[in-house]
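> need a structure here:
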Amino acid sequence: MSAVKSNIPKLYCFSGSYMLLILLPIFIPFLGDRGLSMEQIFQLQAIFALSVLIFEVPSGYIADLWGRKNCLILGGICNGIGYSFLFWGQGFWDFVLYEILLGAAASMYSGADVALLYDSLEELEYSERDKHRSVGNILASRSFAEALAAVINSLLLIVGTFHDVLVVQVICGWFPLLIALSLKEVRVKTEIKGHFENFKEIGRQLFLDSKILRYISLTMTIWGMSTFYAVWLFQKYWQQQSVDLVWFGALWALYNITVAITSKLTHFIEHKFGSVSLLLLMGLLPILAYFSMAFFTGVLGIVGGLLFQVARGIHQVSLKDALNRRIPSNFRATANSIMSFGFRGTFLLTGPAVGWGVDNYGLENTLYALGFIFLGLFLVIITPFIYLVRSEQNT
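Residues are numbered from 1 along each chain as shown. Next up, the predicted model:
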């Protein structure tokens, strides 16, 4: 039992370790320095999404059948090898291989880490409130780690060069494997009725049996884009605001600390003000953020970008917890992977168009366009979701 209990802090460290993205705060300028356009940069992210799509659902299903720990170890190997390719990356196709390997690693992590956390919490008979808090902690650990990585990035650029950033990133890329090897497996094996029958069962649970689960799935897939596009526009925006590259790490740290704090506070906000208020906040903040960044310049525009991070923190904790506590343990990793599959698939289809819009119509017009698009999606997705949650609470 004590070995299982040790999984919980180790999983926080594991989730944090693969978010030690030392290079990320300057990744857009880094790729631009190697001759890539914004359209090509978004194409690379679409390739990453395609890689996740290819490996995502199989990896979650493998985690349910083969074990969460084994899946995390395999992801750690892909992660380390992928970051090692940064030493040779010079052109577009070099970075394609890098994105494919990182996509494979991300797919191994996405269903298995949260599933193993829930399995461990259930084995230890934690309360629902403690489970909710633990999900907030694991997601907050990712944002705190990304913020720490951003600070390290700035310090390395002050005293060193791009090459020093790359070296540290490659070393950090092997950390998840080391932590995964120390985890304790909590086996909740999926009954092998037949692979087709198992997937039918998962699909029925997610999309047919429960209306609330259908809306959770739809919101996680589509509304997640409202903040994810912005992540890949922040650095371009800072460049246009003439922010010195040395400060990119500090800004990235501030943005991710905002996500981390919000993730930690989401449980309190929901308890204090209710699920409906939380959903309303999650839905409106990205729209306000797009319009703020498009309309304002300088400090006000950068502060407006923080609204995305508040929404992101709420989205990650509230919806992931709502999904995992409604899904049986034997299919939990697969269900998480299906959600990531839908999210990455949506970005694969739409992400390059955002980059094309920036290259051809400018960042400001693209931000306005995204604001209006998500205003429409708010009416189509978030409004009926809020109505459903309110109706469920009144019954």
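> tell me what the strand or helix carrying residue 313 is packed against?
If you go by DSSP states H and E, residue 313 is part of helix 298-324. For helix 298-324, the elements it packs on are helix 92-123, helix 128-159, helix 211-218, helix 225-231, helix 234-240, helix 248-273, helix 275-295, helix 332-361, judged by 3 or more Cβ pairs under 8 Å, 6 or more residues apart in numbering; DSSP states H and E. Quick note: C-beta positions are derived from backbone N, CA and C, even for glycine.
> ok, 7 Å please
Here helix 298-324 touches helix 92-123, helix 128-159, helix 211-218, helix 225-231, helix 248-273, helix 275-295, helix 332-361, going by 3 or more Cβ pairs under 7 Å, 6 or more residues apart in numbering; DSSP states H and E.
> quick check: mean pLDDT across it?
Averaged over helix 298-324, pLDDT sits at 89.
> Could you figure out how far it is turned away from helix 275-295?
Here the directions of helix 298-324 and helix 275-295 differ by 150 degrees (axes from the mean of the first three to the mean of the last three Cα atoms, to 10 degrees).
> Can you list the buried residues in helix 298-324?
Neighbour counts over helix 298-324 (16 or more other Cβ atoms under 10 Å) mark 301-302, 304-324 as buried.
> Tell me what angle the strand or helix carrying residue 368 forms with helix 332-361.
Using DSSP H and E, residue 368 maps to helix 363-377. When the same axes, to 10 degrees is applied, the directions of helix 363-377 and helix 332-361 differ by 140 degrees.
> mean confidence for helix 363-377?
97.
> same deal with stretch 8-20?
Per-residue pLDDT over stretch 8-20 has a mean of 87.
> ok, and for that stretch, which residues are buried?
Residues of stretch 8-20 classed as buried under the neighbour-count rule (16+ other Cβ under 10 Å) are 8, 10-20.
> before we move on, what about stretch 167-180?
Neighbour counts over stretch 167-180 (16+ other Cβ under 10 Å) mark 167-170, 172-177, 179-180 as buried.
> Determine the set of other helices and strands touching the helix or strand just after the helix holding residue 368.
Of the helices and strands lying after helix 363-377 in sequence (DSSP H and E), the nearest is helix 383-394. Identification of packing neighbours for helix 383-394 by 3+ Cβ pairs under 7 Å, 6+ apart yields helix 211-218, helix 275-295.
> circling back to that earlier point, could the helices and strands packed on helix 298-324 go into TSV alongside distance to residue 43 and mean neighbour count?
Formatted as TSV, those follow (distance: least, Cβ to Cβ, whole Å; neighbours: other Cβ atoms under 10 Å):
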stretch	distance to residue 43	mean neighbour count
helix 92-123	8	23
helix 128-159	23	20
helix 211-218	26	18
helix 225-231	14	22
helix 248-273	22	20
helix 275-295	22	21
helix 332-361	5	21
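> Tabulate the ones you listed (CSV), appending distance to residue 73.
Converted to CSV, the helices and strands packed on helix 298-324 look like this (distance: least, Cβ to Cβ, whole Å):
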stretch, distance to residue 73
helix 92-123, 9
helix 128-159, 18
helix 211-218, 28
helix 225-231, 27
helix 248-273, 26
helix 275-295, 34
helix 332-361, 14
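> Least confident secondary structure element in the protein?
Of all helical and strand segments in the chain, the minimum by mean pLDDT, DSSP states H and E falls on helix 195-207, at a mean of 57.
> So, low pLDDT: which residues of the stretch 151-300 of the chain?
187-209 (pLDDT under 70).
> The buried residues of stretch 8-20 in helices, which ones?
8, 10-17 (DSSP state H).
> CSV for those residues, including distance to residue 145?
Below are these laid out as CSV (distance: Cβ to Cβ, whole Å):
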residue, distance to residue 145
8, 16
10, 14
11, 13
12, 9
13, 9
14, 10
15, 8
16, 3
17, 7
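> Show me the two of the residues you listed that sit farthest apart.
Spatial extent of these (Cβ to Cβ) is set by the pair 8 and 17 at 15.1 Å.
> mind listing what the residue nearest to residue 8 when sequence neighbours are not counted touches?
Of all residues beyond its chain neighbours, the one nearest residue 8 is residue 120 (5.9 Å), with distances taken as Cβ to Cβ, 6 or more residues apart in numbering. Residue 120 is in contact with 4, 7-8, 186, counting by Cβ atoms under 7 Å, 6 or more residues apart in numbering.
> Going by neighbour count, which of those comes out on top?
residue 7 (24 neighbours; other Cβ atoms under 10 Å).
> Surely it touches residue 183?
Yes. Between residue 7 and residue 183 a contact is recorded at 5.8 Å, counting by Cβ atoms under 7 Å.
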